[in-house]
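**Q** Got a sequence here, can you build the structure:
(one chain, ligands or ions: 3)
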Amino acid sequence: MKKVYIETYGCQMNVADTEVVFSILADAGYARTEEIADADVIMANTCSIRDNAEQRIWGRIEHFRSFRKKRPGLVVGILGCMAERLKDALLDSGKVDLVAGPDAYRSLPALLSAVSEGHPQINVELSREETYGDIKPVRLDRGGVSAFISIMRGCNNVCSYCVVPYTRGAERSRDWKSIVREACDCFAAGYREVTLLGQNVDSYLFEDVDFADLLEKVAEVSPLLRVRFSTSHPKDISDKLIDTMARHSNICRHIHLPVQSGNDRILEKMRRRYNREWYLERVRRIRSVMPDCGITTDAIVGFCSETEDEFRDTLSIFEEVGYDAAFMFFYSERPGTLAARNYPDDVPQEVKTRRLEELISLQNRLSLESNRRDIGREYEVLVEGPSKKGGLRGGDGDQREGDLRGGTVQLCGRTSSNKMCVWEDSAEGPGAQGSGAHRPGDYVRVRVTDCTQATLICELA
Ligand code: SAH
Ligand code: SF4
Ligand code: F3S
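**A** Ligands and ions are numbered 1, 2, ... in the order given. Down below sits the predicted model:
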């Protein structure tokens, strides 16, 4: 059996896609390996969202090729968004043998059998229908508690800075019946959390089932199955969705609502199709229905022609919303996008870097303030496993096996609002189960006693 090794970059959708690829390849008789040196086929599932994401992949390709010396017939392949964006240019580089775009994974077995020295293979055809809805993903080991379910592909929004509509093609929704079936399979296999994935989940529509309906159907699989989703677009997040979340306690109280900028002129130029006031109204609506809902965001600083005052509007909307967490980036021009064709990338790099640092340090304060407000409160958390960083004492390295001392183990898990908690779990103490410490997939009640900017430090309640 030939062995395949895949490294996954980019967003959660790429993780879900790698699971689909392993399933397609398993059916064709390939085995999966986690040891790069053992592989007959080495592939990277890639991301094009920012230039540095692509630069990192070029470095990895060089590394993959170094295994050729020991393994002559080794195939090096590129999957995902960079495959779709660069197409033949990847083959022309002479560095890769196989290129397959996000809608071409069913052809991987054929491409792999056809590939040979001097005969590279490529399929970057995009599809209007492909959703891989019938494929049962081979789950990558992420602890066995939380699984990703892809509910749609592509994007029709064409935000001016963004490469995704070009790399992933037109938006299409997957049959809701196959989504619900996959959620049931996950639950039966012991998973206790599923995250429904799409670039703009609020525009999901299959037959007459919209995203709120779909969310409800998945929530009804079991009250013990937590349901999360990502990403919501502020222009499309509906009252119906917010009300549906509120009706089901197992739909997690967390919305990732990328704002991108707090300034109306920049938002317009980004083609986001909402303004600051619209965004703030959506936040007020979410909080009036679910006061405990976590809200996180993405933002870009230094977009074409952004002035200092316009950047200050991003700082002020962060302050006004008080995000629980955020992913922040400086603008990276992507060839072929509307912005690249129409607007000069004219904010100097040192200004972009300084604005980004300023925004990150503001968010660090907001994250800490958000966590401090939780001190003294109790939460139900879903146990994910031993805490990885030993957060209680901080910084004492990787402790995958848990910190076994005096009958206690340090566990971690998330609140419904997506905050990471760590606590000493004991077989005896308050809240403990007679049979011993809690296991991944259990729900436990914890009380927050302290915090860092990234973590709630808790005890069993
Ligand atoms: N579909 C999601 C975003 C997916 S990309 C949405 O619409 O919100 C994830 C994040 O990458 C974006 O939210 C944006 O903040 C960032 N991003 C996208 N294109 C970028 C670019 N050209 N430069 C810098 N950041 C970018
Ligand atoms: Fe990109 Fe906009 Fe689509 Fe998100 S909604 S993937 S930012 S084009
Ligand atoms: Fe990157 Fe493609 Fe996802 S560009 S962020 S891997 S959709």
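
**Q** From the structure, what's the count of residues near the closest residue to ligand 3 within the chain?
**A** Nearest to ligand 3 in the chain, going by CB to the nearest ligand atom, is G10, at a distance of 2.7 Å. Every C-beta, even on glycine, is put in place using the N, C-alpha and C of the backbone. Residues near G10, counting by other CB atoms under 10 Å, number 20.

**Q** Not counting its neighbours along the chain, what's nearest it?
**A** C47 (2.7 Å; CB to CB, 6 or more residues apart in numbering).

**Q** Hmm, that neighbour is touching G80, no?
**A** Yes. Using CB atoms under 8 Å, C47 is in contact with G80, at 6.6 Å.

**Q** Overlap in contacts, the two.
**A** Here C47 and G80 have Y9, G10, N14 as joint contacts, going by CB atoms under 8 Å, 6 or more residues apart in numbering.

**Q** With adjacent residues omitted, what lies nearest to the first one?
**A** This points to Y9. Using CB to CB, 6+ apart, the nearest residue to Y9 is C47, at 4.6 Å.

**Q** Return the residues of the stretch 1-150 of the chain in contact with ligand 2.
**A** Within the stretch 1-150 of the chain, no position is adjacent to ligand 2 by CB under 6 Å from any ligand atom.

**Q** In a strand, the residue of the chain closest to ligand 3, correct?
**A** No. Secondary structure of G10 (DSSP: H, G, I helix; E, B strand; the rest coil): coil, not part of a strand.

**Q** Next, the contact list for it, please.
**A** Neighbouring residues of G10 by CB under 8 Å, 6+ apart: N45, T46, C47, I49, A53, G80, C81.

**Q** let's go with 7 Å and repeat that
**A** T46, C47, I49, A53, G80, C81 (CB atoms under 7 Å, 6 or more residues apart in numbering).

**Q** Pull the number of nearby residues for the residue of the stretch 351-461 of the chain found nearest ligand 1.
**A** Relative to ligand 1, the nearest point of the stretch 351-461 of the chain is K352 (9.7 Å; CB to the nearest ligand atom). K352 sits with 21 neighbouring residues when counted by other CB under 10 Å.

**Q** In which helix or strand does it reside?
**A** Secondary-structure assignment from DSSP states H and E places K352 in helix 349-373.

**Q** Need the residues that contact that helix.
**A** Residues contacting helix 349-373 (CB under 7 Å, 6+ apart): 299, 301-302, 311, 314-315, 318-319, 322-326, 328, 330-331, 419, 451, 453, 456.

**Q** Isn't Y166 up against L338?
**A** No. Applying CB atoms under 7 Å as the test, Y166 and L338 come out as separate, 10.5 Å apart.

**Q** Show me the chain divided up by domain.
**A** The record's domain parsing of the chain by automatic domain parsing lists 3-123, 286-373, 378-460.

**Q** does any part of the longest one sit near ligand 1?
**A** Pointing back at domain 3-123 there. Yes. Using CB under 6 Å from any ligand atom, domain 3-123 reaches ligand 1 at I49, R50.

**Q** For the remainder of this discussion, apply numbering that starts at 40.
**A** Understood, numbering begins at 40; the last thing we discussed is domain 42-162.

**Q** that older thread, count the neighbours of the residue nearest to Y48 for me.
**A** 23.

**Q** Now do the contacts for it.
**A** The neighbours of C86, taking CB under 7 Å, 6+ apart as the test, are Y48, G49, C50, N53, A92, G119, C120, M121.

**Q** Kindly state the pLDDT recorded for A83?
**A** In the predicted model, A83 carries a pLDDT score of 98.

**Q** same thing with R432?
**A** 39.

**Q** just G475 next, same as before
**A** 54.

**Q** This protein: helices as residue ranges?
**A** Applying DSSP state H to the chain gives helices spanning 51-66, 90-105, 120-125, 127-131, 147-153, 203-207, 215-227, 250-258, 278-286, 303-308, 315-328, 347-360, 377-381, 388-412.

**Q** for those, which one ends up most surrounded?
**A** helix 120-125 (a mean of 26; mean count of other CB atoms under 10 Å).

**Q** Give me the average confidence score over it.
**A** Mean pLDDT, helix 120-125: 98.

**Q** and it, anywhere near ligand 3?
**A** Yes. Using CB under 6 Å from any ligand atom, we find that helix 120-125 touches ligand 3 at C120.

**Q** What is that helix packed up against?
**A** When contacts are defined as 3 or more CB pairs under 7 Å, 6 or more residues apart in numbering; DSSP states H and E, helix 120-125 packs onto strand 80-85, helix 203-207.

**Q** now with 8 Å?
**A** With contacts taken as 3 or more CB pairs under 8 Å, 6 or more residues apart in numbering; DSSP states H and E, helix 120-125 sits against strand 80-85, helix 90-105, strand 137-139, helix 203-207.

**Q** tell me the average confidence for the third one?
**A** Per-residue pLDDT over strand 137-139 has a mean of 98.

**Q** same deal with stretch 87-104?
**A** Averaging pLDDT along stretch 87-104 gives 97.

**Q** Please apply the same query to stretch 353-361.
**A** Stretch 353-361 comes out at a mean pLDDT of 98.

**Q** Residues contacting that stretch, please?
**A** The contact list for stretch 353-361 (CB under 8 Å, 6+ apart) reads 298, 300-302, 315, 318-319, 322, 334, 336, 338, 340, 365, 397-398, 401-402, 405, 408-409.

**Q** mind running it again at 6 Å?
**A** For stretch 353-361, contacts defined as CB atoms under 6 Å, 6 or more residues apart in numbering pick out S300, G301, V322, A338, L401, L405.

**Q** Only the buried subset of the contacts of helix 388-412, as a PyMOL command please.
**A** Typed into PyMOL, the line below selects the buried ones among the contacts of helix 388-412, using 16 or more other CB atoms under 10 Å:
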select buried, resi 338+340+341+350+353+354+357+362+363+364+365+367+369+370+458+490+495
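
**Q** near ligand 1 too, which of the contacts of helix 388-412?
**A** Near ligand 1, by the rule CB under 6 Å from any ligand atom, you find Y370 out of the contacts of helix 388-412.

**Q** So which of the contacts of helix 388-412 are in strands?
**A** A338, V340, A364, A365, M367, F369, C490, L495 (DSSP state E).

**Q** would you turn those into CSV with pLDDT and distance to ligand 2?
**A** What follows is the ones in strands among the contacts of helix 388-412, written out as CSV (pLDDT from 0 to 100; distance: CB to the nearest ligand atom, whole Å):
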residue, pLDDT, distance to ligand 2
A338, 98, 12
V340, 98, 15
A364, 98, 18
A365, 98, 15
M367, 98, 14
F369, 98, 15
C490, 98, 31
L495, 98, 30
